[in-house]
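In: What shape does this take:
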Amino acid sequence: MRVALPAIDKNWTLFLDRDGVINYEKHADYIHTWDEFRFYEAALDAFKIFPKIFQRTIVVTNQKGVGKGLTKLEDLYQIHANMEHAVMEAGGLIDAVYYCSDMDDNSPFRKPNPGMGYEAIKRFPEIDPRRSLMVGNTISDMEFGRNLGAFTVFLSTTRPEVDHADPRIDAVFPSLMAFAEALPAGKL
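Out: Predicted coordinates for the structure are as follows:
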């Protein structure tokens, strides 16, 4: 059963997944280096809108490729630093990036578990999960949102087979920009 999302104001926090939301996901593989990272069309334009609406924008991303030794940790840091810089250059802001490289699916930090969200709340105590949105492209992202106590927005960028009527999903958009454009118009 879908719930109507309440009005969003500057007391709200935006949590975003990375691959498949901000940038193109590599099918059956990981983004290993900055050279492989490609923003979705208009994703940087979406980031211009977010600071006008939300008090915080936080990226939360599972990065099992690091845990498997396929992606170097220094490359992950470079990807995130370059991503944050590109967003800032475009007029947006990412307040923090949290990642989980744990191999164990039961790790409290690995989505769908809410550990990365709790880490963000420790750093930014003004974050209220009940005034937060989690935007992702997997059911695991939606479960992370639910486990944190946040509302959820599913982007149908990479998984068209997902049932949009799934009760873990509060709203559905085709892209990050479509979601961003709906915010000022109050069309959530």
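
In: Give me the helices and strands touching the biggest helix by length in the chain, please.
Out: For the chain, the longest helix by residue count, based on DSSP state H, is helix 73-89. Applying 3 or more Cβ pairs under 8 Å, 6 or more residues apart in numbering; DSSP states H and E, we find helix 73-89 packed against helix 43-53, strand 96-100. Just so you know, the C-beta spots here come from the backbone N, C-alpha and C atoms, and that holds for glycine as well.

In: could you dump those to JSON lines with mean neighbour count?
Out: Formatted as JSON lines, these follow (neighbours: other Cβ atoms under 10 Å):
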{"stretch": "helix 43-53", "mean neighbour count": "19"}
{"stretch": "strand 96-100", "mean neighbour count": "19"}
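
In: what ranges of the protein fall below the confidence cut-off?
Out: 1-4, 185-188 (pLDDT under 70).

In: ranges for the helices of it?
Out: Ranges of helices in the chain, per DSSP H, are 43-53, 64-67, 73-89, 115-123, 139-148, 176-185.

In: just so I know, which of those lies nearest residue 167?
Out: For the helices of the chain, proximity to residue 167 was assessed by Cβ to Cβ; helix 139-148 is nearest, at 9.2 Å.

In: then the closest one to CSV, C-alphas only?
Out: In CSV, the C-alpha atoms belonging to helix 139-148 read as follows (Å, rounded to 0.1, in the frame of the first residue of the first chain):
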residue,chain,number,x,y,z
ILE,A,139,14.6,-3.3,-3.8
SER,A,140,17.6,-3.4,-1.4
ASP,A,141,17.7,0.4,-1.6
MET,A,142,13.9,0.5,-0.8
GLU,A,143,14.5,-1.9,2.2
PHE,A,144,17.3,0.3,3.4
GLY,A,145,14.9,3.3,3.4
ARG,A,146,12.3,1.3,5.2
ASN,A,147,14.8,0.0,7.8
LEU,A,148,16.0,3.5,8.4
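
In: Residue 112: what's it in contact with?
Out: Residues near residue 112 by Cβ atoms under 8 Å, 6 or more residues apart in numbering: 139-144, 146-147.

In: Same question for residue 18.
Out: So residue 18 contacts 59, 61, 83, 97 (Cβ under 8 Å, 6+ apart).
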